[in-house]
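Chemist: Could you work out the structure for the sequence below:
(2 chains)
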Amino acid sequence: AQTVTQSQPEMSVQEAETVTLSCTYDTSESNYYLFWYKQPPSRQMILVIRQEAYKQQNATENRFSVNFQKAAKSFSLKISDSQLGDTAMYFCAFMKGAQKLVFGQGTRLTINP
Amino acid sequence: DAGVTQSPTHLIKTRGQHVTLRCSPISGHKSVSWYQQVLGQGPQFIFQYYEKEERGRGNFPDRFSARQFPNYSSELNVNALLLGDSALYLCASTLGEGAGANVLTFGAGSRLTVL
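Modeler: Alright, predicted model coming up:
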């Protein structure tokens, strides 16, 4: 069974700083997908970024980028020029094929003014 | 276009009662999944349906059941409610096939409190 581990329960940075959230996972699969989701206080889970395991190039979406290390089974999220609206719970998640998402425990990120 | 809609948004039940939660997927999406998120934890997979057929089931007791209707909307039913069923129940939809099959769009959830 796949597992996802987020070792940072909480993080706090100043606005405009760069922050990196950590995620490791365990799987015996070679083809899979990794995701970062954001859950603000409104509760709605919002997709931040997606990485396909067979692609070596790290995914980027505007201020959000990932560092995908397949051999180390590591998938960290970097947020550049952080904004107050980035304050939320961030969940790392794993998916094989089009099946279920396996989520980590989450990291609570606070951006301070 | 409307996103994934869930109802009700909040509800309170007592132990032993039954609850039905509803989800309408994004137009054109044929697959619906349900997740349970206990406070302070990541969501846990409950069910996945595609074209009205169950495609996957998580490690939940038989008190949990679901179905998908011809219009692709879905219901999650929980019988004999326990205090531990108190959680946010999230519904997500996807195209169900092709490149969009693994891109889930979530609704805002139904907050269930069991007293």
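
Chemist: Surely A:Asp86 touches A:Arg108?
Modeler: No. Contact status for A:Asp86 versus A:Arg108: not in contact, 11.8 Å apart, counting by C-beta atoms under 8 Å. C-beta here means a position set from N, CA and C on the backbone, and glycine is covered the same way.

Chemist: Mind checking which of these two has more residues around it?
Modeler: The residue with more neighbours, out of A:Asp86 and A:Arg108, is A:Asp86; 20 against 15, by other C-beta atoms under 10 Å in any protein chain shown.

Chemist: and A:Ala59, how many residues sit next to it?
Modeler: Neighbours around A:Ala59, by other C-beta under 10 Å: 19.

Chemist: ok, now how distant is it from A:Ser22?
Modeler: Here A:Ala59 is placed at a distance of 16 Å from A:Ser22 (C-beta to C-beta, to the nearest Å).

Chemist: who in chain B is up against chain A?
Modeler: Residues of chain B that fall close to chain A, judged by C-beta under 8 Å from any C-beta of the partner chain: B:31, B:33, B:35, B:41-45, B:48, B:55-56, B:58, B:88, B:90, B:92, B:94, B:96-97, B:101-109, B:111.

Chemist: So which of those are in strands?
Modeler: B:31, B:33, B:35, B:44-45, B:48, B:55-56, B:88, B:90, B:92, B:94, B:105-106, B:111 (DSSP state E).

Chemist: which one of those sits closest to B:His10?
Modeler: B:Arg111 (4.8 Å; C-beta to C-beta).

Chemist: OK, contacts around the nearest residue to the closest one once chain neighbours are set aside?
Modeler: Of all residues not flanking B:Arg111 in the chain, B:His10 sits nearest, at 4.8 Å (C-beta to C-beta, 6 or more residues apart in numbering or on different chains). B:His10 is in contact with B:110-111, B:113, counting by C-beta atoms under 8 Å, 6 or more residues apart in numbering or on different chains.

Chemist: do B:Cys23 as well
Modeler: B:4-6, B:32, B:34, B:73-76, B:91, B:93, B:107.

Chemist: Just name the closest of the residues you listed to chain A, please.
Modeler: In terms of C-beta to the nearest C-beta, no member of these lies closer to chain A than B:Gly107, at 7.2 Å.

Chemist: How many residues are close by that closest one?
Modeler: Neighbours of B:Gly107 under the rule other C-beta under 10 Å: 24.
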